[in-house]
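Enquirer: mind looking at a prediction? Sequence and model below.
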Amino acid sequence: MYNETTHDGHATHDDHDHHGPARGLMRWVTTTNHKDIGTLYLWLSFTMLLYGGSMAMVIRLELFQPGLQWVEPQFFNQMTTMHGLVMVFGAIMPAFVGLANWLIPIMIGAPDMALPRMNNWSFWILPFAFAILASTTLMESGAPAFGWTFYAPLSTTYAPDSTDFFIFAVHLMGISSVMGAINVIATILNMRAPGMTLMKMPLFVWTWLITAYLLIAVMPVLAGAVTMMLTDRHFGTSFFDAAGGGDPVMFQHVFWFFGHPEVYIMILPAFGVISAIIPTFARKPLFGYSSMVYATASIAILSFMVWAHHMFTTGMPVAGELYFMYATILISVPTGVKVFNWVTTMWKGSMTFETPMLWAIGFIVMFTIGGLSGLMLGVAPVDTQYHDTYFVVAHFHYVLVTGALYSIIAAFYYWVPKWTGHMYDEKLGKIHFWWSTIAVNVLFFPQHFLGLAGMPRRIPDYSLQFAEFNMISSIGGFAFGLAQVFFLYIVIKTIKGGPKASDRVWEGATGLEFEQLPSPPPYHSFTVAPVIK
Amino acid sequence: MFACRCTERRFPEQDAAVYSRELRMRLSKLTRRFSLVVTALVAMLSMPVAQAAYQLNMTEGVSPISKELYSLHMIVFWICVVIGALVFGAMAWSIIHHRKSKGAVAANFHESTKVEIIWTVVPLLILIGIAIPATGTLLDLEDAKTNADITLQVTGIQWKWKYTFVDEDVSFISSLAQSSRDVIKDPTGNEHYLLEVDKPLVLPVGKKIRFLFHSNDVIHAWWVPALGVKQDSIPGFINDSWALIEEPGIYRGQCAELCGKDHGFMPIVVNAVSEPEYKEWLAGMQAEAAAAAASASEEWSMQDLVARGETVYQANCSACHGPTGAGIPGAFPAMTGSAIVNGDAAAHIDILVNGRAGTAMAAFKNQLNDIDIAAVITFERNRLGNSVGDTVQPSAIKNAR
């Protein structure tokens, strides 16, 4: 059925030439298949989502009411630190790498990723990295407790002994990310089917290509930062120690030179996912394809020039503050272009609202809310009042939870019928969406108010004036957490069975994976390259 | 409720007039009950209003900068609201009207350079509109040096603030009030829980105050929303900021930068008073310091030292070494049975006065006076499960400095 446009006979021949997957556990350990590795990444991501989420539950439990009822302040700080690290490096980033593995080859007509053995290695580093990171919780000194941004000297001179394990784990994650990125770039640049020019690539492929360059550029900077921490801690250097002639603020510059592109690493592939889903359910081609590509590239380039907007209260020279303010608010222009393009794609479409579309629309609305609060944060003088408050916490959870995570969930519902050949349960998917969306707004919207009213972030306890909104936020948090356990049930149910999905899956779906491959695709797909007209 | 149900059962047997009268009575009863419930709810919700609960927005504050920040915040906020309303409005319109179930047929347009240019240029103009007032405010915010009347040095210390009036020779440490520490398991009804200190910072109204921030250990951030001041205090750096308080009052704030275990427990209280009151307070502080210096040369009794030492210990040491001296295993050493505490007094004095480099143990010579250091050492050696039996006199601390 698939691949009818290619040479006669070859397509049906494939199934005999190639073995299916090996059986048992060793299939997953030794696999070099992009689909298997994509699945592994996605399961790792889900595991980490639940692990990081359980720490969020501890945080919201302690903040449910004023006073210290459940955990000690030091343990609370360990929870916020580990929650951030696990969600950023364990849940969001691997999920996008998983999607890249599954989708990039079948979107560009390639038989697999360009470097399959490295692909295996880059995945299998991660479980060890997170095992090392998680083990710190069990150590006598407790886990790292200096926030996911690990500012020196709190993370050097004043850090617990377990910090060295954290440093090693971050190194491993960085190595994995860089290998993954190299693989994505090598695949996209070398393995496109004939006729698949760059400007014909689906936007998901484009956004990942740009993301991969960001990863290669900034993960080594992160590695440098943690290495300097390590030598400060053990080998007598003073990179970040003022007493030895070093500079604690330089740590923040180095960290955010990694950290700001990092937030775009977590959102650019999301833009790609949304740009695939909206046209399908609007039954109308994406508006402004080339402007989307240029906007993505502009965001990526600008992301290297704005890092110090995280540091407006560190006492930068006023010229520096002005520059970083102007550059930062400038990012809202290409980001705005993206939102306008999506809305215009919907405009005069013929829309239906299956589960993936609901999550995609949820993404656009709530990511825009996060983007607008981001614009407010970019205005340097008022940022001095928003900085390090719950307003910031609300902002980045709107862009990372209702932004990045929503796009990942949307992608799951959109492509899972293709991956497994089973339709998910539409009713359960819609319940999952509405449950999550109500809960997540109850969870994060009041945090805007808390921040404006003066509640600092990363505190285990607060004065009584913040009690009401914290309780509301916690209730939303528990409901949102439970919704994702419900999601786990939906995922397992869909993998185990369900109505047969058609090859096209969605009426309006376009792209090689829907037009030229069956659902599910064979273990080795596109062993003969399709021809793109 | 049960009474109601009984009447209900009787209804069918009674005539219409009785029925309607009964109904009216029941309704009015219900209304009364409902209004009672509502009143109770309103009362419950409005009780904490005394503490500004459900505060939705930023405070306008009491300094020129905080007011400028507030109006800039409102400008940007309303611009965001308008942009949001336009984008979400267009989306909502499209979602309602352009759906397949309503028979909408998809158009096929997918490109327009003209439109793309418009929605690149218009946002750019809006941004310029934001950037102009923002630049002005930022320049005002950074103008700490010119015409300052008072220079105040603020030092962040895990987990308290040290204030030094540079020209007045007044210096003191302000930490979380014992009244907050006592109710940490259940702070219900404690009005300024976690926002109360033992010694508030007193500042005069109507004077331009220049703050100089630095830190003894990790990075902290001094934040008082009503003054519009939030600035990091960083080891090895001196940052500045300024405020001119326009109205007398008590203004509260907190550390805003994660600084370790008790980051959430280092509040700031600024008591803004008239200038004469401020002068009076300064004189009182100077007299207190002079009295302390005088009594530092006296011989103190064990009892007095231990009593004073307990207060000093709970305010300065208990965060790490524990209220009972148990420490935190793996992070902070215990006082109970400690080799230093139970060993030679000279080593004990040395670690308090000079700290221990490369660890969280600070040098307290910059934070506490001779009496307080002597008192806390004596307390540690004779309480918290230790019984060395000796006293350490303030004069010994003076010699060790």
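Expert: Great, that's in hand. All figures in this text were calculated on a predicted structure; none of them were measured in a lab. Numbering: from 1, shown residues only, chains lettered A, B, ... in the order given.
Enquirer: got the contact list for the residue in the stretch 1-150 of chain A positioned nearest to chain B?
Expert: As assessed by C-beta to the nearest C-beta, chain B sits closest to residue A:140 within the stretch 1-150 of chain A, at 3.4 Å. All C-beta spots, glycine's among them, are computed from the backbone N, C-alpha and C. Counting by C-beta atoms under 8 Å, 6 or more residues apart in numbering or on different chains, residue A:140 makes contact with A:161, B:329, B:330.
Enquirer: and the helices in the stretch 201-350 of chain B?
Expert: B:275-296, B:302-316, B:318-321, B:339-342, B:345-354 (DSSP state H, counting those that start in this stretch).
Enquirer: would you mind listing the residues in contact with residue 73?
Expert: Picking chain A for this. A:460, A:461, B:261, B:262, B:263, B:264, B:265.
Enquirer: to clarify, I was referring to chain B.
Expert: Residue B:73 sits next to A:376, A:382, A:385, B:58 when contact means C-beta under 8 Å, 6+ apart.
Enquirer: mind redoing it with 10 Å?
Expert: For residue B:73, the contacting residues are A:376, A:379, A:381, A:382, A:383, A:385, A:386, A:452, B:57, B:58, B:60, B:137, by C-beta atoms under 10 Å, 6 or more residues apart in numbering or on different chains.
Enquirer: please apply the same query to residue B:88.
Expert: Shown in contact with residue B:88 (C-beta under 10 Å, 6+ apart): A:343, A:364, A:365, A:368, A:369, B:95.
Enquirer: need the CA coordinates for stretch A:343-354. PDB is fine.
Expert: Extracted as PDB, the C-alpha positions of stretch A:343-354 are listed here (Å, rounded to 0.1, in the frame of the first residue of the first chain):
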ATOM      1  CA  VAL A 343      -4.500  32.100  14.000                       C
ATOM      2  CA  THR A 344      -4.600  33.000  10.300                       C
ATOM      3  CA  THR A 345      -4.200  29.300   9.500                       C
ATOM      4  CA  MET A 346      -7.400  28.700  11.500                       C
ATOM      5  CA  TRP A 347      -9.100  31.700   9.900                       C
ATOM      6  CA  LYS A 348     -11.600  30.600   7.200                       C
ATOM      7  CA  GLY A 349     -10.700  27.000   7.800                       C
ATOM      8  CA  SER A 350     -13.000  24.100   8.200                       C
ATOM      9  CA  MET A 351     -12.200  23.200  11.700                       C
ATOM     10  CA  THR A 352     -12.900  20.100  13.700                       C
ATOM     11  CA  PHE A 353     -11.800  19.700  17.300                       C
ATOM     12  CA  GLU A 354     -10.300  16.200  17.900                       C
END
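Enquirer: that stretch near chain B anywhere?
Expert: Yes: shown here: stretch A:343-354 in contact with chain B (C-beta under 10 Å from any C-beta of the partner chain) through A:343, A:344, A:345, A:346, A:347, A:348, A:349, A:350, A:351, A:352, A:353.
Enquirer: can you give me the helices in the stretch 151-300 of chain A?
Expert: In the stretch 151-300 of chain A, the helices defined using DSSP H, counting those that start in this stretch lie at A:163-190, A:203-234, A:248-265, A:268-282, A:289-302.
Enquirer: as a markdown table, the ones you listed with mean neighbour count, distance to residue A:504 and mean pLDDT would be great.
Expert: As requested, the helices of the stretch 151-300 of chain A are exported to a markdown table (neighbours: other C-beta atoms under 10 Å in any protein chain shown; distance: least, C-beta to C-beta, whole Å; pLDDT from 0 to 100):
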| stretch | mean neighbour count | distance to residue A:504 | mean pLDDT |
| --- | --- | --- | --- |
| helix A:163-190 | 21 | 25 | 97 |
| helix A:203-234 | 21 | 18 | 97 |
| helix A:248-265 | 22 | 32 | 96 |
| helix A:268-282 | 28 | 10 | 97 |
| helix A:289-302 | 19 | 21 | 95 |
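Enquirer: returning to that earlier point: out of the residues of stretch A:343-354 next to chain B, flag the one nearest to residue B:290.
Expert: Nearest to residue B:290 among the residues of stretch A:343-354 next to chain B is residue A:343, at 71.1 Å by C-beta to C-beta.
Enquirer: look at that closest one and give its secondary structure.
Expert: Using DSSP: H, G, I helix; E, B strand; the rest coil, the secondary structure recorded for residue A:343 is helix.
Enquirer: these two touch, right, it and residue B:91?
Expert: Yes: when contacts are counted by C-beta atoms under 10 Å, residue A:343 is listed as touching residue B:91 (5.2 Å).
Enquirer: any shared contact partners between the two?
Expert: Joint contacts of residue A:343 and residue B:91 (C-beta under 10 Å, 6+ apart) are A:364, A:368.
Enquirer: tell me how many other residues crowd the closest residue to chain A within chain B.
Expert: Nearest residue of chain B to chain A (C-beta to the nearest C-beta) works out as residue B:236 at 2.3 Å. Using other C-beta atoms under 10 Å in any protein chain shown, residue B:236 has 17 other residues around it.
Enquirer: please enumerate the strands of chain B.
Expert: Listed in chain order, the strands found in chain B under DSSP state E are B:150-157, B:160-165, B:170-174, B:201-204, B:208-215, B:220-224, B:229-233, B:239-244, B:249-255, B:267-273.
Enquirer: out of the contacts of residue A:73, which are buried?
Expert: A:460, A:461, B:261, B:262, B:263, B:264, B:265 (16 or more other C-beta atoms under 10 Å in any protein chain shown).
Enquirer: what's the closest of these to residue B:163?
Expert: residue B:265 (17.7 Å).
Enquirer: in this structure that closest one contacts residue A:461, no?
Expert: Yes: at 7.5 Å, residue B:265 counts as touching residue A:461 under the criterion of C-beta under 10 Å.
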